[in-house]
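K.L.:
Fold the following, please.
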Amino acid sequence: PPSDPEHPGNEPVGLSTQTGMASLLAFISTETDRDQYEFQTLAGGEVRASILTPGSSLDPQITVLNDQGVVVALSQGDAQEASVVFNAGAAGERYVVRVEADGDASGGTRTGSYSLVLTGRTTDPPPPPPPAADPVPTADDFVSAHLMPISFGLGEASVTDSIEAAGDADMFRLDALGVGTAFVALERQAGGLGDGSVRVYDEARNLVAFDGAGAPGRLAGVQFQVVGGQDYWVWVRPENGSTGSYTLRAAVPTESHVLYYPEGYSSATIDEFVPMVNPNGFPVDYTVIARYEVGQRDQVIAAGTIAPNSRGGITINTRNNPGARLVRPDEPYALEIRSSGQLGATLSHYDFGATTGENFTSRASQTWTFSEVHRDPATFRDFLVFYNPGEASASLTITLFYEDGQTVAFTRTVDALRRGGINFTTDTALIRDGRFGVRIDADRPIVAALTSYDIAGQRGYGLLGNSAGGSDTGAVPLLSAGTGATVGVSILNTTPVAAGVTITISYAGGVAPDITRILTVGPGTSRSLTGAQLGLLSAPIAGLRYTSSVPITLTAAEYQSGDGDATLAGTEGATEAVFGDAFLNPAFAGTLYRETLSIYNPAPVTTALQVSFLLPGGFLSSLSLTVPGHGFTYLAIDQVDALRRLPGPTAFSIRLDAASAVVASLTHYDLYLDGGWGSLGTSIGLTTPLRFF
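P.N.:
Sure, this is the predicted structure:
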């Protein structure tokens, strides 16, 4: 491993084979002092290196280099800590940790004591064995196992079954499609199985994963490595004499991954970007395809590779450089990203003096709902767009639900691998102006989104619809950014019975008590409320959660700083999520550039999470947060020290890893480009419906 000529030699540090950890105390004695340590990994996987300086004057910087002298992680940290996280490929890899004063530190903060803490993975232990008294599956259990049908597009499977007697057990077969990490979760049904366990066996019938402890929202959950083309068996058993129904869900890696966003458009006045993030520990190849509404249908507009744990992306069009445009101008298109591993991506679109942004989705559905759409030619330009990713034409029934209970329905057809849409200002199927909700019912899975422009106020937003047609439980992590924000909430009830909706609003830091409102939304009706009608205080940052007697679609829209952002209520939580598009100019952090990460914890107990920042060159730094039970936590990304220390304007991505499932959203305002947007995070792995908490 490399040595510094001015500071020769690397002090060897050994990781414990039991814990994977090592720690030591040392001192930076002069302003030019630099300490270097050498260690070898015990196993592949995540490695964390931290410099802690509580009670010390040292403002530290930590750098990790591989055995070729290439920097794999760097953090300038703050006066208390500098931490980095990176992924090792295998056991026996050699790394150097360099400790020195932060390059921006001055005076007495360039010297002082510190603690170095290294944490890596040990050799993978065997899965915990089941209790000795437990029975094991018989040969007949394996032979008679029920197949879990997998959605080849998503790699997901779900089955609902029942344990009828305390000694009963169910066996399921799961086919691996690709190579990587698989997830299995055992979830309770209302009044169903109260306690249960999951065991996973490989083709040789070896136990590879076991969980009987569970987590908030799940009776049990495991993750394990799979090899494509092999079979795995999942054994569900009751615990403590429990009986009743349950749902078993699984997600396996697929051979290829696809992301969709149905709306794209470029002209001489538009800027459009697609930032992407690779949250995997391996490089991912991608291809971006434009699917046009008319004319030649398909165009590959970009292809490339994104390094592990890194930010990537493409520029589709900028008004300042039309010659570099990747698409045909003035022709609507949908975007499709095909990749060798799971990615996160965002469409950032600047038009009409406003900014719209939304994350791509991997999910196509036959039902999509939107809680608020406008037809008001003097004020709004609203567009509903849909993309058919299938190989045959799709027939759509589009139903409008007005606030007075009137409904209007009409049909549309969208060809295979084509985009279609509705301009609500000019479409002759609309018989009246006003505000309404929309439901799309298709005879095959599609993807649908809404773009709403308030042309009078020069503001707008983009929004994917609810792909389940509604939910009885949900949350908006950031309802209001506080002072200067105007907030509205819209609710759509497409069912034939009235919805009783309970909304609870919580304020950041507990500056004011929670407020609860109980509303009624009539059958087949949309309803919109202002912040004042909800009783929302104007100054504090706030989040919202709701429950409803029937499934509804709820969206929060916020107008501030000359633009707007909207967030569909999250109805599922995830332990891992990513945001592809984040950007900061440190010189104007908190003024022209403002970003807020908002997290809601649906569990009744506090959960911990880690927020990591990924640059185009790889991992930058991470920090830790906690979220109270049934509560919200907010992080001003533009105030994170590691980002404010960057040398200039920087595009980056965000990864979130939580101990239990959470709902996360990001609100981004770039006032240099005159706008902002908000979006829920892209989930990695299995999600958990909030109604299970």
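
K.L.:
Residue 240: how many residues sit nearby?
P.N.:
Residue 240 has 9 neighbouring residues, counting by other Cβ atoms under 10 Å. (Each C-beta comes from the backbone N, C-alpha and C, glycine too.)

K.L.:
same check, this time on residue 487
P.N.:
Residues near residue 487, counting by other Cβ under 10 Å, number 23.

K.L.:
can you tell me the helix or strand for it?
P.N.:
strand 486-493 (DSSP states H and E).

K.L.:
so what secondary structure elements neighbour the next helix or strand after that strand?
P.N.:
Using DSSP H and E, the helix or strand that follows strand 486-493 towards the C-terminus is strand 499-507. Counting contacts by 3 or more Cβ pairs under 8 Å, 6 or more residues apart in numbering; DSSP states H and E, strand 499-507 packs against strand 486-493, strand 515-521, strand 542-560.

K.L.:
swap the cut-off to 6 Å and go again
P.N.:
For strand 499-507, the packing partners by 3 or more Cβ pairs under 6 Å, 6 or more residues apart in numbering; DSSP states H and E come out as strand 515-521, strand 542-560.

K.L.:
returning to what we had before: please save the CA atoms from the strand holding residue 487 in CSV.
P.N.:
The C-alpha coordinates for strand 486-493 follow below in CSV (Å, rounded to 0.1, in the frame of the first residue of the first chain):
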residue,chain,number,x,y,z
THR,A,486,-48.8,28.2,0.7
VAL,A,487,-50.2,24.7,1.2
GLY,A,488,-53.1,22.7,-0.2
VAL,A,489,-54.3,19.1,0.2
SER,A,490,-56.5,17.3,-2.2
ILE,A,491,-58.4,14.0,-1.6
LEU,A,492,-60.1,11.7,-4.2
ASN,A,493,-62.6,9.0,-3.2
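
K.L.:
I would like the residues contacting it, please.
P.N.:
Applying Cβ atoms under 6 Å, 6 or more residues apart in numbering, the contact partners of strand 486-493 are 369, 371-372, 437, 480, 499, 521, 525-531, 552-559.

K.L.:
Show me what residue 486 bridges to in the sheet.
P.N.:
residue 559 (DSSP bridges).

K.L.:
ignore the last one, residue 382
P.N.:
Where residue 382 sits in a bridge, its partners, by DSSP bridges, are residue 452.

K.L.:
so it touches residue 453, yeah?
P.N.:
No. The pair residue 382 / residue 453 is not scored as a contact, 7.2 Å apart, by Cβ atoms under 6 Å.

K.L.:
returning to what we had before: quick check on the contacts of strand 486-493: which are buried?
P.N.:
Among the contacts of strand 486-493, those buried by neighbour count (16 or more other Cβ atoms under 10 Å) are 369, 371-372, 437, 480, 499, 521, 525-529, 531, 552-559.

K.L.:
tell me the mean pLDDT for the strand holding residue 487?
P.N.:
Per-residue pLDDT over strand 486-493 has a mean of 95.

K.L.:
Ok, stretch 527-535 next?
P.N.:
Averaging pLDDT along stretch 527-535 yields 94.

K.L.:
same check, this time on stretch 238-248
P.N.:
Taken as a whole, stretch 238-248 has a mean pLDDT of 91.

K.L.:
And residue 621, how close does it get to residue 642?
P.N.:
According to Cβ to Cβ, to the nearest Å, residue 621 stands 4 Å off from residue 642.

K.L.:
Same question for residue 505.
P.N.:
Distance, residue 505 to residue 642, using Cβ to Cβ: 32 Å.

K.L.:
Which one's more surrounded, those two?
P.N.:
With neighbours defined as other Cβ under 10 Å, residue 505 and residue 642 compare such that residue 505 has more, 27 against 19.

K.L.:
Quick check: which ranges of the stretch 351-500 of the chain have low pLDDT?
P.N.:
For the stretch 351-500 of the chain, the stretches with pLDDT under 70 are 352.

K.L.:
again, only this time at 50
P.N.:
Along the stretch 351-500 of the chain, the model assigns pLDDT under 50 to no residue.

K.L.:
hey, where'd the strands end up in it?
P.N.:
All strands of the stretch 351-500 of the chain, identified by DSSP state E, counting those that start in this stretch, fall at 354-359, 365-375, 380-387, 394-402, 407-414, 419-423, 434-454, 459-464, 471-480, 486-493, 499-507.

K.L.:
Tell me what residue 573 is bridged to.
P.N.:
Residues in a beta bridge with residue 573, per DSSP bridges, are residue 688.

K.L.:
what about it, how many residues close to it?
P.N.:
The number of residues packed near residue 573 is 28, by other Cβ under 10 Å.

K.L.:
can you check residue 206 too?
P.N.:
10.

K.L.:
what does the one 4 residues further on give?
P.N.:
The number of residues packed near residue 210 is 20, by other Cβ under 10 Å.

K.L.:
Quick check: it touching residue 199?
P.N.:
Yes. Using Cβ under 6 Å, residue 210 is in contact with residue 199, at 5.0 Å.

K.L.:
Which residues are in contact with each of those two?
P.N.:
Common neighbours of residue 210 and residue 199 are not found (criterion: Cβ under 6 Å, 6+ apart).

K.L.:
hey, where'd the strands end up in the stretch 151-300 of the chain?
P.N.:
With DSSP E, counting those that start in this stretch as the criterion, the stretch 151-300 of the chain has strands at 156-163, 170-175, 180-188, 196-201, 207-211, 220-226, 231-238, 244-251, 257-264, 271-278, 284-292, 298-306.

K.L.:
helix or strand for residue 142, which one?
P.N.:
helix 139-143.

K.L.:
I am finished for the moment; much appreciated.
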